[in-house]
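>>> The sequence and its predicted three-dimensional model are supplied below.
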Amino acid sequence: MYIYNPIEDCYATKKKIDFFRQEIEGKSKEKKKIKILDYGCGNANDCGKYLFNYKFEYFGFDIHKPSIKFAKKEFNVKNVSFSSSINDRKFDIIIISEVLEHLSDPTIILLDLKKKLKKDGFILGSIPNGYGLTEIEKYIIHKFYIYRFAKWIYSFFGRKKKKTIKIPFNYESGHIQFFSLRSFKKVLKNSDLRLDNIINGTVMGADLSGSTFLKFNFMKKINTRIADFIPKSISATWIFKLSKNENY
């Protein structure tokens, strides 16, 4: 049914995609033609490509033009398009995967995206817990140059890697929002959006842990499985579904 299928990683990518697909396929039972906006799609390698489906119309948007240029060239697929601008079309489903934490004012963007939703549409997304183990790990390894040192050690003793195609990524746009569950819900309230569902993604996972003990498949499964049983306040990531309030 789908052109690409994910494998699990330390960021719960497969878990997230499975959640998105379940909601999308549920929508497809209501109507045959579905229009999906992937807002902040980047190069489409981390999320977008796993939603490509000949049954649905996928539109990827991102302000990072090198990423859009790459996506257009790499994914020449029927019903799939990319652009750095959005017209006045409305969509059945909007994806905001790992986007809100990069925005100076998430509320303004969510209010705008709500206008682009059809009456019965909804938003699917994911964000990191700003006070979870992943963000703590990122802070420590970058603050004390641990990851840079580990990369130097690996390059010094490791084998030389084969040359691969350089995939563009918007490194300039880092995390500037560090959400708690409470602050996230406050943003949703200010955006007049309803939180229909939210699940935990992983316990932890960032550059260093992801390239060491979490690189093993059984550890990835444990990382995402245990997250189902811990309080949301300590989960590393959250995956969610939003919809318009009934009075909108």
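Happy to help now that I have it.

>>> got a list of what the residue most central in space within the chain touches?
Nearest to the mean C-alpha position of the chain, counting by C-alpha atoms, centre = their mean, stands S97 at 2.5 Å. Contact analysis of S97 by C-beta atoms under 8 Å, 6 or more residues apart in numbering lists 16, 20, 38, 40, 46-47, 124-126. (Glycine included, C-beta is placed from N, CA and C.)

>>> rerun at 7 Å
Residues near S97 by C-beta atoms under 7 Å, 6 or more residues apart in numbering: 16, 47, 125-126.

>>> Give the closest residue to it in space, chain neighbours not counted.
C47 (4.3 Å; C-beta to C-beta, 6 or more residues apart in numbering).

>>> ok so, going back, now the contacts of S97 as CSV including neighbour count, pLDDT and distance to K73?
What follows is the contacts of S97, written out as CSV (neighbours: other C-beta atoms under 10 Å; pLDDT from 0 to 100; distance: C-beta to C-beta, whole Å):
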residue, neighbour count, pLDDT, distance to K73
K16, 27, 98, 25
C47, 25, 97, 18
G125, 24, 98, 26
S126, 26, 98, 26
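
>>> ok, back up a step: state the distance from the residue nearest to S97 to T13.
Here C47 is placed at a distance of 8 Å from T13 (C-beta to C-beta, to the nearest Å).

>>> Tally up the residues packed near the closest residue to E8 other than its chain neighbours, please.
Distance criterion C-beta to C-beta, 6+ apart; nearest residue to E8, sequence neighbours excluded, is K14 at 4.1 Å. When neighbours are counted by other C-beta atoms under 10 Å, K14 registers 17.

>>> what mean pLDDT would you report for stretch 239-246?
Averaging pLDDT along stretch 239-246 gives 92.

>>> okay, that stretch in PDB with CA atoms only?
Taking Å, rounded to 0.1, in the frame of the first residue of the first chain, the C-alpha atoms of stretch 239-246 are listed here in PDB:
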ATOM      1  CA  ILE A 239       3.000  11.700  19.200                       C
ATOM      2  CA  PHE A 240      -0.400  13.300  19.000                       C
ATOM      3  CA  LYS A 241      -3.700  14.000  17.100                       C
ATOM      4  CA  LEU A 242      -5.400  17.400  17.100                       C
ATOM      5  CA  SER A 243      -8.700  18.700  15.800                       C
ATOM      6  CA  LYS A 244     -10.700  21.900  15.700                       C
ATOM      7  CA  ASN A 245     -12.900  22.600  18.700                       C
ATOM      8  CA  GLU A 246     -16.600  22.000  17.900                       C
END
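
>>> neighbouring contacts of that stretch?
15-16, 19, 23, 114, 117, 122-126, 188, 192-199, 201.

>>> quick one on the thing from earlier: nearest to I167 among the contacts of S97?
C47 (14.0 Å; C-beta to C-beta).

>>> Buried ones in the helix or strand hosting A71, by neighbour count?
Taking DSSP states H and E as the definition, A71 sits inside helix 65-74. For helix 65-74, the neighbour count (16 or more other C-beta atoms under 10 Å) marks 67-68, 70-71 as buried.

>>> nearest to F169, of those?
Using C-beta to C-beta, S67 is the member of the buried residues of helix 65-74 that lies nearest F169, at 6.9 Å.

>>> list the contacts for the closest one?
42-43, 168-170 are the contacts of S67 under C-beta under 7 Å, 6+ apart.

>>> now do 8 Å
41-44, 168-170 are the contacts of S67 under C-beta under 8 Å, 6+ apart.

>>> and the residue nearest to S180 when sequence neighbours are not counted, how many neighbours?
Leaving aside its chain neighbours, S180 sits nearest to Y131 (5.9 Å; criterion: C-beta to C-beta, 6+ apart). By other C-beta under 10 Å, 15 other residues sit near Y131.

>>> Just the residues contacting the longest helix along the chain, thanks.
Once the chain is assigned using DSSP state H, the helix that runs over the most residues is helix 13-28. Helix 13-28 is contacted by residues 2, 6-8, 34, 36, 46-47, 50-51, 55-56, 92-93, 95, 97, 122, 124, 126, 199, 201-202, 224, 239, 241 when judged by C-beta under 8 Å, 6+ apart.
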